[in-house]
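Colleague: Sequence below, structure please.
(3 chains)
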Amino acid sequence: MPRSEEAQAFFHAVYLAVREIPRGKVTTYGHIAHLVGTPQRARQVGLCLKHLPSDPEARFNSDNVPWQRVINSRGTISPRAVPEGTQAQATALRGEGVEVRTLALGELAVDFEVCGWFPDVLPSGGEQES
DNA sequence: GCGGTGACTGAGC
DNA sequence: CGCTCAGCCACCG
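Modeller: Numbers count the residues shown, from 1 in each chain, chains lettered A, B, ... in the order given. Next comes the predicted model:
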């Protein structure tokens, strides 16, 4: 048990919330933070996805959590330390039918009017216990 | 164990 | 419209 119990619960909640984003739709880090009850922690939501395991054995990993459906509040894919990672997200989104426009400055944008997903509460009822 | 570093955001200039 | 600033807090050196 690495992290504190509370931190673990937060990570868990974030992953479950991200899993509820429908295929072909996108939402923001801030909205996920809002859905899990901590609207001020959008940044930590980003951390959760950044540290999402690639290990197939892990309960939550980059295969079973649609991390690509989370973008920033401006409607663009947040730039990474590694540029390839940003492109990978665009590719993953296009792969599920999301139109990703490339702006002049190299920014990758998605239209919230077309595929934004911003429910007030999680469709599953908000809670998930294991 | 301390301090810099972010896949963030809304407010304020 | 664009830049800074202050909260945020797990991670990693």
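Colleague: Please give me every residue in contact with residue A:80.
Modeller: Residue A:80 sits next to residue A:86 when contact means C-beta atoms under 8 Å, 6 or more residues apart in numbering. In short, each C-beta sits where N, CA and C put it, glycine included.
Colleague: and it, what helix or strand is that in?
Modeller: Counting by DSSP states H and E, no helix or strand carries residue A:80.
Colleague: Next, give phi and psi for it.
Modeller: Per-residue torsions, residue A:80: phi -110, psi 180 (degrees, to the nearest 10).
Colleague: Check residue A:26 too.
Modeller: phi -140, psi 160.
Colleague: can you tell me which residues contact residue A:56?
Modeller: residue A:63.
Colleague: looking at this, it is in a strand?
Modeller: No: counting by DSSP: H, G, I helix; E, B strand; the rest coil, residue A:56 falls outside a strand, being coil.
Colleague: who in chain A is up against DNA strand C?
Modeller: Contacts of chain A with DNA strand C, taken as C-beta under 7 Å from any atom of the strand, map to A:2-4, A:6-7, A:10-11, A:38, A:40-44, A:47, A:51.
Colleague: Tell me the buried residues within the residues you listed.
Modeller: A:10, A:11, A:41, A:42, A:44 (16 or more other C-beta atoms under 10 Å).
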